[in-house]
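Student: The sequence and its predicted three-dimensional model are supplied below.
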Amino acid sequence: MAESTWTPKEPMVSAKDVHKSFGDLEVLKGISMDIMKGECICIIGPSGSGKSTFIRCINALNPIDSGSILVEGQEVNDAHLDKLELRKKVGMVFQQYNLFPHKTALENIMMAPLKVLKQGKEEVEARARDLIKKVRLDGKENSYPGELSGGQQQRVAIARSLAMHPDVMLFDEVTAALDPETVKEVLVTIKDLAEEGMTCILVTHEMGFAREVANHIYFTDRGIIVEHGPPKTFFTKAKDPRTKEFLSQIL
Amino acid sequence: MSARHLIPGITTAAKTDLPVLKPFTGKPSGHDDIGFCRFLANLSPRTVFFVMFVVALWPIAALAQAKYTLGDAFDALWRWIPFLVTKGFALNILISVLTMAIGTFAGVLLGLWQISPNPIVKKIAWAVTQAFRNSPWLVLLFIVMLAFPFEISIGGLTIPIPDWMKAVFGLSLPIMANISEVVRGAIMSVPTGQWEASESLAFSRRQVLWQIILPQCFKRMIPPWMNWYAILTMATPLVSLLGVEEIVTLSRQAMEGEDNHPELLIPFYGFCLLIFFAYCYPIARWTISLERKFSVKL
């Protein structure tokens, strides 16, 4: 692995002309974007437009066919990539929470720092308890995922990811499987994170949240970025007819 | 549709004429991995005794005038029972336990290779599993019996291999293949989201498997594993065809010792049936209760 010369002045995540196909189906047809440290960006678009596929490429869950993704200067499209090192820097939260059902909330959070980073148990447990407080789940430390609501599970999943001290957080439609009344508690947690300066990349359908929290919004359709811009201009002065149509349906 | 109240207790008119998917109540289709234990556990003990009773009555009626009566045959059985159990059935149990131990160990390895990221290992493990899973057990037994040497020489030391030991190896092969499928099936039953979540937390593949996936599906493997143990135990008399002195071989020898009266067949083989039933029935009941317990939990 080449020694990285990345500095915080450069984009934290930089995608250039990313292509990705599943068999004959080309899902990403040249996606490019730069995300600076501390930015919160939202990727929106109709289903099947490649949003989720793209963010799964950032932590190498999906390999890309061509193009380049640099995470803190490290090339992801590289056969010799140390995926585990990359994933220590990039946290990810999923639509279906994917908590470990045989572990309590606290154990879920502690597991990766203990087993992957091999940190001391006291230190990890103290941090896990702090994280539980941070996502407002005091008292749920010893609950199993099956005993928690969807919103609570998703907040544990966020805490679990944060326990690894990632530099970037990826959120893959994290509120799509939630009841409307629990969506808010999860969004508030993410908003707190963004305001603390965590670099966040969200795939979302929550337009209100995107408008309020995102620094930049990307609209994707059929594997390309149709339009992007800061929320103020994006929502009021969309130029492309596809963006307009999408926004008129969803707002 | 709206005129009649199709659902008891619902009196309002139907809001839709669209077809509505009703809750699924039937038995889930597809493969039942504890089918044998389900069958066995659902047998009422009375059924078995009743069948044996009817079978026993028939020769009584037919051979009432014969000199050697069924009563004499049962007397003979009574004298032989201690020998049959301690020398015969005990060996069946020993064979089943050793076979299960070897078969489980090899089967777990083979099952893990079946999900290996290396396509060659995966393909070979799959082929081995399918080959031994779909071969007649008796043929496998004969092959091992005849292909294995009578003794192994290590240096100057010569270790003879008894026939029953070779039978253990022979029976281990199909058990290994079936346990391999149990392991693979259990691992595949864990949602892929668990793999993705653990991988995105920088767990290595080995860590994902041993710390996340296997602890979740370990319980799910126990009922099918016990099911295979019951099937295996029932299959151990196969080795009598190869001359291993287990309960069926010894029963035959005992009957010869009692001058081969046809009246001996029912008591002696009936006893074999009963003792296997008595051993496997509790296992089957236990398997079913575990299956029920674990399926509620998940």
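Tutor: Cool, the structure landed.
Student: ok, the residue of chain A found nearest chain B - contacts?
Tutor: Chain A approaches chain B most closely through residue A:98 (3.6 Å), counting by C-beta to the nearest C-beta. Backbone N, C-alpha and C define where each C-beta goes, glycine included. Applying C-beta atoms under 8 Å, 6 or more residues apart in numbering or on different chains, we find residue A:98 in contact with A:157, B:191, B:193, B:194, B:196, B:197.
Student: May I see the residues you listed organised as JSON lines, with pLDDT added?
Tutor: Shown next, in JSON lines, are the contacts of residue A:98 (pLDDT from 0 to 100):
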{"residue": "A:157", "pLDDT": "94"}
{"residue": "B:191", "pLDDT": "91"}
{"residue": "B:193", "pLDDT": "92"}
{"residue": "B:194", "pLDDT": "94"}
{"residue": "B:196", "pLDDT": "93"}
{"residue": "B:197", "pLDDT": "94"}
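Student: Just say helix, strand or coil for the residue of chain A closest to chain B.
Tutor: Three-state call for residue A:98 (DSSP: H, G, I helix; E, B strand; the rest coil): coil.
Student: hmm, back to that, determine which two of the contacts of residue A:98 are furthest apart.
Tutor: A:157 and B:191 (14.1 Å; C-beta to C-beta).
Student: Those two: which has the busier surroundings?
Tutor: Set residue A:157 next to residue B:191 and count neighbours by other C-beta atoms under 10 Å in any protein chain shown: residue A:157 wins out with 27 against 13.
Student: Tell me the one among the contacts of residue A:98 nearest to residue A:64.
Tutor: The closest of the contacts of residue A:98, once distances to residue A:64 are taken by C-beta to C-beta, is residue B:196, at 16.6 Å.
Student: what's the nearest residue to the residue of chain B found nearest chain A if we skip its chain neighbours?
Tutor: Nearest residue of chain B to chain A: residue B:197, at 3.6 Å (C-beta to the nearest C-beta). With sequence-adjacent residues excluded and distances taken as C-beta to C-beta, 6 or more residues apart in numbering or on different chains, residue B:197 is closest to residue A:98, at 3.6 Å.
Student: Local confidence estimate at that neighbour?
Tutor: What the model reports for residue A:98 is a pLDDT of 93.
Student: Ok, residue B:206 next?
Tutor: 92.
Student: any idea how far the helix or strand hosting it is from the chain center?
Tutor: Take DSSP states H and E as the rule and residue B:206 turns out to sit in helix B:205-207. Between the centre of helix B:205-207 and the centre of its chain there are 31 Å (C-alpha atoms, centre = their mean, to the nearest Å).
Student: Surely residue B:177 touches residue B:137?
Tutor: No: here residue B:177 does not reach residue B:137: they are 10.7 Å apart, not a contact under C-beta atoms under 8 Å.
Student: okay, those two: which has more neighbours?
Tutor: residue B:177 (23 against 18).
Student: That one: which element?
Tutor: helix B:163-188.
Student: in that helix, what counts as buried?
Tutor: Buried residues in helix B:163-188, counting neighbours by 16 or more other C-beta atoms under 10 Å in any protein chain shown, are found at B:164, B:166-187.
Student: who does it touch, helix- and strand-wise?
Tutor: helix B:90-114, helix B:119-133, helix B:137-147, helix B:214-235 (3 or more C-beta pairs under 8 Å, 6 or more residues apart in numbering or on different chains; DSSP states H and E).
Student: for whatever helix or strand residue A:132 lives in, which positions count as buried?
Tutor: Assigned by DSSP H and E, residue A:132 belongs to helix A:121-134. Within helix A:121-134, the residues scored as buried using 16+ other C-beta under 10 Å are A:124, A:125, A:127, A:128, A:131, A:132, A:134.
Student: Please save the CA atoms from that helix in CSV.
Tutor: C-alpha atoms of helix A:121-134 as CSV (Å, rounded to 0.1, in the frame of the first residue of the first chain):
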residue,chain,number,x,y,z
LYS,A,121,-12.1,-4.0,27.8
GLU,A,122,-12.5,-1.2,30.4
GLU,A,123,-11.7,1.5,28.0
VAL,A,124,-14.1,0.1,25.3
GLU,A,125,-16.9,-0.4,27.8
ALA,A,126,-16.6,3.1,29.1
ARG,A,127,-16.7,4.5,25.6
ALA,A,128,-19.7,2.2,24.7
ARG,A,129,-21.6,3.5,27.6
ASP,A,130,-20.9,7.1,26.5
LEU,A,131,-22.1,6.2,23.0
ILE,A,132,-25.3,4.7,24.4
LYS,A,133,-25.9,8.0,26.2
LYS,A,134,-25.0,9.9,23.1
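Student: Do the very next helix or strand once past that helix and chain B come into contact?
Tutor: Going down the chain from helix A:121-134, the next helix or strand is helix A:150-162, by DSSP H and E. Yes: in terms of C-beta under 8 Å from any C-beta of the partner chain, part of helix A:150-162 sits within range of chain B, namely A:157, A:160, A:161.
Student: and the second one, what does it touch?
Tutor: It stands for residue A:160. A:99, A:108, A:109, A:111, A:112, B:201.
Student: Neighbour-wise, which one of these leads?
Tutor: residue A:109 (32 neighbours).
Student: contacting residues around that residue?
Tutor: Residues near residue A:109 by C-beta under 8 Å, 6+ apart: A:128, A:131, A:132, A:156, A:159, A:160, A:163.
Student: Could you find the closest non-adjacent residue to it?
Tutor: Using C-beta to C-beta, 6+ apart, the closest residue to residue A:109 is residue A:128 (4.2 Å).
Student: Can you give me the distance of that neighbour to residue A:79?
Tutor: Distance, residue A:128 to residue A:79, by C-beta to C-beta, to the nearest Å: 35 Å.
Student: And for residue A:29?
Tutor: 23 Å.
Student: and if you look at residue B:236?
Tutor: Separation of residue B:236 from residue A:79 (C-beta to C-beta): 52 Å.
Student: Comparing those two, which shows the higher neighbour count?
Tutor: Each of residue B:236 and residue A:79 has its neighbours counted (other C-beta under 10 Å); residue B:236 has more, 25 against 5.
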